[in-house]
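[1] I need the structure of the sequence given here:
(2 chains)
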Amino acid sequence: GEDVEQSLFLSVREGDSSVINCTYTDSSSTYLYWYKQEPGAGLQLLTYIFSNMDMKQDQRLTVLLNKKDKHLSLRIADTQTGDSAIYFCAEVPTGGGNKLTFGTGTQLKVEL
Amino acid sequence: KAGVTQTPRYLIKTRGQQVTLSCSPISGHRSVSWYQQTPGQGLQFLFEYFSETQRNKGNFPGRFSGRQFSNSRSEMNVSTLELGDSALYLCASSKSGYPDTQYFGPGTRLTVL
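    I've put the predicted structure just below:
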């Protein structure tokens, strides 16, 4: 299909790890991104991974890429209440230039 | 370094009017892209400008247009507004690569009454 898919909601307790999953469409996508959106705000770039990588770690964030299954995940370690937001994965399909194709977004709720 | 700025932050218009939104990219960035975000359709790509030329275009009607100036600032115009144009309009800038990492502004919230 043409849609980048994400689950709609995820609820975790503060201090636990969060894992947000994404299935993208184009196995040849060169860049895959994770963005965070807080209420009333724009998109904040969290991290990105090149298609020739399997994993990328950046402080509390770990991105895993499974190209065979076209599956991308974002793990947030030691999740805090400030991590509550909507998380979007995005791909740049082959030949898409700078045209980002976004997933539907996953709303992460962190409970005390 | 200052981030992407968008003006105005909020706009209220009535059906049939036109509107112009402005975006100033990060200093040194030459590419500006525009996206529309709505609850029903999510985030959709409108168009991208690079060196004052439209480099890529999404699937929006001709009522949506844009331009880029020599200082890389960009404007987006929507003519003959419809209720369905109510959305958050986001601008993103990147250096010059194709593709390249994009950084987003805070958006302009447009409400059409």
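[2] alpha carbons only for contacts and neighbour counts from here, please
    Will do.
[3] How many residues are close by the residue of chain A found nearest chain B?
    Using Cα to the nearest Cα, the closest approach of chain A to chain B is made by A:G42 at 4.0 Å. Using other Cα atoms under 10 Å in any protein chain shown, A:G42 is surrounded by 21 other residues.
[4] before we move on, what about the one 10 residues further on?
    Using other Cα under 10 Å as the criterion, A:N52 is surrounded by 10 other residues.
[5] List the residues that contact it.
    By Cα atoms under 8 Å, 6 or more residues apart in numbering or on different chains, the contact list for A:N52 reads A:T30.
[6] Show me what from chain B comes close to chain A.
    B:33, B:42-45, B:47-48, B:56, B:90, B:98-100, B:102-107 (Cα under 8 Å from any Cα of the partner chain).
[7] Buried subset of those residues as a ChimeraX selection?
    A single ChimeraX command selects the buried members of the residues of chain B next to chain A (16 or more other Cα atoms under 10 Å in any protein chain shown):
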select /B:33,43,44,45,47,48,56,90,99,100,102,103,104,105,106,107
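[8] Which ones among the residues of chain B next to chain A lie within strands?
    If you go by DSSP state E, these have B:S33, B:G42, B:L43, B:Q44, B:F45, B:F47, B:E48, B:N56, B:L90, B:Y103, B:F104 in strands.
[9] Test my guess that the fifth one contacts B:T38.
    It stands for B:F45. No - assessed by Cα atoms under 8 Å, B:F45 is found out of contact with B:T38, at 11.8 Å.
[10] residues touching the spatially closest residue to A:D78 that is not a sequence neighbour, list them.
    Nearest residue to A:D78, sequence neighbours excluded (Cα to Cα, 6 or more residues apart in numbering or on different chains): A:G15, at 4.3 Å. By Cα under 8 Å, 6+ apart, the residues touching A:G15 are A:A77, A:D78, A:T79, A:Q80.
[11] List phi and psi for the second one.
    Think A:D78. phi 50, psi 60 (degrees, to the nearest 10).
[12] And for the first one?
    When read as degrees, to the nearest 10, the backbone of A:A77 gives phi -80, psi 150.
[13] Test my guess that it contacts A:E14.
    No - in this structure, A:A77 is not within contact of A:E14 by Cα under 8 Å, at 10.0 Å.
[14] so where's the chain shaky on pLDDT?
    Since you didn't name a chain, this refers to chain A. A:1-2 (pLDDT under 70).
[15] near chain B, which residues of it?
    Contacts of chain A with chain B, taken as Cα under 8 Å from any Cα, map to A:31, A:41-45, A:92, A:96-102, A:104.
[16] rerun that using 6 Å as the cut-off
    Contact residues (Cα under 6 Å from any Cα of the partner chain) of chain A with chain B: A:A41, A:G42, A:L43, A:G97, A:N98.
[17] Most widely separated two among the residues you listed?
    A:A41 and A:G97 (25.2 Å; Cα to Cα).
[18] what about the residue of chain B found nearest chain A, distance to B:A87?
    Minimum separation of chain B from chain A (Cα to the nearest Cα) falls at B:P106, amounting to 4.0 Å. Distance, B:P106 to B:A87, using Cα to Cα, to the nearest Å: 13 Å.
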